[in-house]
Structure formats: structure tokens, C-alpha cells
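# Got a sequence here, can you build the structure:
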Amino acid sequence: MASTAPSAQEEVAGLDRVLTRLSTTEDTNLEKVLSKLVPAVIGMLKSPHDATRKKVLEILSHANKRVKDQPSIKLPLTELLNMAAVTPTTQAQQQQQAAEAGAAPPPSPAALGMVRSFALV
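Residues are numbered from 1 along each chain as shown. Purely as a prediction, here's the structure:
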């Protein structure tokens, strides 16, 4: 039986494309891009691959540098807080709801420590 989970190489290649697009995003569009990008990228911290998690941190570092230069940019704190507030019980419920809706599952509790750290920054 073939695995449907992407390999580390596939995940890193996708995140490289994200980083390239983020780096070429104009400052006027940065807030809109980050509002969708940050929660999705932080969700990738659930990956079992170290290379993927390193690439996620590289993307977040780049985003952080760009945001520091523009204090008027608002980050998607509501989404980040929702990710951080997931408990094992609610996570199981969310996973079931996501499976029924055909959507991606929520991030694992292992990824939440980073979510909390990033949200506090």
C-alpha cells in the first residue's frame, strides 16, 4: 500500500515556493498574504520531518523581519489563538469534523508549543 503522506523533500520544495512568493510579495499586499500564510505554515509544524520544520522556521523568520519593518501590519492573532487553544478533546472533535468535511485536520498538540511561542512574539 502506497503512502499518501508527502515526503520531506516534497514538503520542503512546497515551502521553498512559499518562501519565494513571500519574499517577492510587495509590502502593500503583505498583510493580506500573511493572514492566510502564517496559520497554514504554522500548521506545517506537525510534520514528522525535521527538514520541513526547519523550513517553516525560516519562513516565519522572514515574515517576522518583514513585519518588524512595518508596525502597521496586523497578524492573524485570532487564528493563532484558536490554534493554541486546541485541547486534545477538541482536537479529536475537530479532526472528526475535518474528516467529514474532507478538509485538512487541525495541527497536532506537538505543534502547539510553537504556535503559542509565535503568537506571543
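# so which strand or helix has residue 25?
Per DSSP states H and E, residue 25 falls between elements, in no helix or strand.
# gap between it and residue 31?
10 Å (CB to CB, to the nearest Å). For the C-beta atoms, the positions are set from N, CA and C on the backbone; glycine is no exception.
# ok, now residue 67?
To residue 31, residue 67 is 9 Å away according to CB to CB.
# what does residue 11 give?
26 Å.
# higher neighbour count, those two?
In this view residue 11 and residue 31 are compared by other CB atoms under 10 Å, and residue 11 has more residues nearby, 20 against 15.
# For that one, give its distance to residue 53.
The spacing between residue 11 and residue 53, counted by CB to CB, is 10 Å.
# Mutual contacts of these two, please.
Residues touching both residue 11 and residue 53 by CB atoms under 8 Å, 6 or more residues apart in numbering: 44, 47.
# pLDDT below threshold where in the chain?
Applying pLDDT under 70 to the chain flags the ranges 1-3, 86-121.
# ok, and what's touching the longest helix seen in the chain?
In the chain, taking DSSP state H as the definition, the longest helix is helix 50-68. For helix 50-68, contacts defined as CB under 8 Å, 6+ apart pick out 8-9, 11-12, 15-16, 18-19, 22-23, 27, 30, 34, 37-38, 41-42, 44-45, 47, 73, 75, 118, 121.
# Now the common contact residues for residue 67 and residue 31.
Joint contacts of residue 67 and residue 31 (CB under 8 Å, 6+ apart) are residue 73.
# returning to what we had before: just the buried positions in the longest helix of the chain, please.
For helix 50-68, the neighbour count (16 or more other CB atoms under 10 Å) marks 52, 53, 55, 56, 59, 60, 63, 66, 67 as buried.
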